[in-house]
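Undergrad: fold the following, please.
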Amino acid sequence: MHLRFRDSLLMSLGIVLTIIALLSFASMAASIFIADTTQGLATAINESGALRMRSYRIASKLTHNTTDDKKHWQETYRLITEFEEHLNSTSLTDVIPGADDKALNQAYQTIQLRWQNEIKPLFDVYLDGIIGILPETSSGLDMSIGEGAVNNLRVRYLLVVSDFVNDIDKLVSLLEEDAEAKIHGLQSLQYIALALTTLLTLIALTLIYRRIHKPLKQLLTGAEQASHRDFSFHIQYTGRDELGRLGSTFNAMAGDLSKIYNELEDRIKQKTIDLEQSNQSLALLYTTVNRLYEAESPHTTYANILDDIQHIAKIGRGAICLNDNNDETNMLASTLSDDKTRQTITLPISDQTQQYGVLIIEPEVDQDIAPWQQQLLQTIASHIGIAIKLSQQMTESRRLVLIEERGAIARELHDSLAQSLTYMKIQLSRLHALTKNTDTESEEVKIIADLRLGLNSAYRELRELLTTFRLKIDGKDFNEAMVKTILEFNDRSETDIVFENKITYFDLTPNEEIHVLQLTREALSNIVQHAQATDASVIIKYNASGDIEIEISDNGIGINESISKTHHYGLNIMKERSKTLDGTFKIINNPDAGTHVLLCFTPTNKTSPYCLNS
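TA: Modelled structure (predicted):
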């Protein structure tokens, strides 16, 4: 906005200072003028006073009785001439105003007229006659002629000299009054100039205080507070002059700076929050990745991961649910509350090809999941899916290695021991043919029978062992292999075998899977071959301590304790397998209620104590 002339502070101060300067110059000029006009008044007063004195000296000379003294009259004439010269002197005429209406001029003209018309002619008549009759060489005066004239002159002069002196006194008085008037005028002018100068100075000081000092003080205070990052101070003086506009500009600038500073603070706070969130995310991701890839199985770390999500990321409680073979969602690890009314967030646990389950998060009360938290949870869910995929691949790889190793052993057994047993059976058959006509109660026949029984049992156990080594888990997981095993024995026998799996998600090592599957097959084989049972069941479940418990039972005749245990290699094999699993193995034999085989072991990749049964 354009600054108007009348609103300019500098212009106002300039006007006041100019007026003060002009007033000072006028006062000085008036003083100089009055001093110049009064310069000749003192001389004029002296001259006019001298005229009065000279008038009395003339009168004194005229009253002198010596009429015959030529020198005396010459002196009188000189006094008269000097009076006239002083009356017309420039020191007196210069101070007399030229206007006719002035009292001073009138008084001087009166003296001039009286001198020219009354006194001077009187002296001219008599003095010229007296001086003319006195020869310069004469020593006396003829008083008979001149004394009468002298007396007449004396009388006439003394008659007019009193009024003439009064006129001179009046002139002196008027000169004094004029000088005093000029001095009083100069004094009054000085007083007026002083008063005006004082008033203008006060106005200037007030203007400086109100429109310069206070605004500048406020500006300095505002600048000092602004230097301490306090932009709340506002300049009160916001007039239309320079400092007022500067104050308005400062207020606008302070407001903008405050806004910018607040925005910067908000940005810094937001950046700080973002950094904290990034740190939380990195810490949680680092911890999660370490837990997933350093553990033997990712399933053992789920409870810790959920605890990290709750305490590191401050998101809330959660659960990890994975799918079984039938795509049913099963709870593996959980810290969810029982409040069904609270909202939850479900994120898929998957890799690029398959979904393994979901990650369920239950936020705290009145808490919303931020986008960055949801993205973080999605990343964690992806890492869990990748870890599951890698774990499955490693498990499958170990399983293939184990199967190849067992296959190699099976081939070695088949090529060596199986052929030896076959050869022995052939030779035993030949021996039995040689003793065909021998008494059946003879000792040789009994030995041959025992050998046949032993060879058959050994051959059967060898076949079972070869079957064990050649056993493969071709399904997706252990549960499917167990189901196929139950179907196989159901097809091979008339026994109705029921399979109940209360553990819907297995995380067994390949070696544990093979031992459990083979132990189950061995027990089912005994049931099919020896128990004479119509019904059997296989139950897999968790016990109270979280270990896996396998219960195989039937309603058959039980185990005959009277039969020699020499040929019951299957039971010994099951016991050896349970020891390999570091588990406990029990056989509960009840001839009236069948047999119960119990196996309990702690898996290598034992899941969290938070694991739930579906």
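Undergrad: secondary structure class for Ile540?
TA: Secondary structure state of Ile540, per DSSP: H, G, I helix; E, B strand; the rest coil, is strand.
Undergrad: which residues touch it?
TA: Listed by C-beta atoms under 8 Å, 6 or more residues apart in numbering, the contact set of Ile540 reads Met482, Glu500, Asn501, Lys502, Ile503, Ile548, Glu549, Ile550. Bear in mind the C-beta positions are built from the backbone N, C-alpha and C, glycine included.
Undergrad: tell me which helix or strand the second one sits in.
TA: In this assignment (DSSP states H and E), Glu500 forms part of strand 496-501.
Undergrad: next SSE downstream of that strand?
TA: Following strand 496-501 toward the C-terminus (DSSP H and E): helix 510-526.
Undergrad: quick one: that next one to chain centroid distance?
TA: Distance of helix 510-526 from the chain centroid (C-alpha atoms, centre = their mean, to the nearest Å) equals 67 Å.
Undergrad: okay, buried residues for that helix please.
TA: 510, 512-526 (16 or more other C-beta atoms under 10 Å).
Undergrad: can you check stretch 86-98 too?
TA: His86, Leu87, Leu92, Val95, Ile96.
Undergrad: all strands for this protein, in order.
TA: Assigned by DSSP state E, the strands in the chain fall at 316-323, 329-334, 345-350, 355-363, 496-501, 535-542, 548-554, 584-590, 594-601.
Undergrad: list the strands paired with the fourth one, with their directions.
TA: Right, the one you point to is strand 355-363. strand 316-323 (antiparallel), strand 345-350 (antiparallel) (DSSP bridges).
Undergrad: who are the packing partners of the top helix by length along the chain?
TA: Counting by DSSP state H, the longest helix found in the chain is helix 143-208. Counting contacts by 3 or more C-beta pairs under 8 Å, 6 or more residues apart in numbering; DSSP states H and E, helix 143-208 packs against helix 9-37, helix 41-62, helix 103-114, helix 120-132.
Undergrad: and that helix with helix 9-37, angle?
TA: 170 degrees (axes from the mean of the first three to the mean of the last three C-alpha atoms, to 10 degrees).
Undergrad: hmm, back to that, out of the buried residues of stretch 86-98, which is nearest to Lys214?
TA: Lys214 lies nearest to Val95 out of the buried residues of stretch 86-98, by C-beta to C-beta, at 55.3 Å.
Undergrad: name the nearest residue to the closest one, ignoring sequence neighbours.
TA: Ala44 (4.3 Å; C-beta to C-beta, 6 or more residues apart in numbering).
Undergrad: I'd say the one you found and Leu92 touch.
TA: Yes. In this structure, Ala44 is within contact of Leu92 by C-beta atoms under 8 Å, at 4.9 Å.
Undergrad: neighbours of Leu79, how many?
TA: Residues lying near Leu79 (other C-beta atoms under 10 Å) number 19.
Undergrad: for Phe123, see how far away it is.
TA: 10 Å (C-beta to C-beta, to the nearest Å).
Undergrad: repeat that for Arg78.
TA: Taking C-beta to C-beta, one finds Arg78 at 12 Å from Phe123.
Undergrad: so where's the stretch 101-250 of the chain shaky on pLDDT?
TA: Within the stretch 101-250 of the chain, the stretches with pLDDT under 70 are 101, 125-150, 152-154.
Undergrad: who's more crowded, Arg78 and Phe123?
TA: Counted by other C-beta under 10 Å, Arg78 and Phe123 do not tie: Phe123 has more neighbours, with 23 against 11.
Undergrad: sounds good, over and out.
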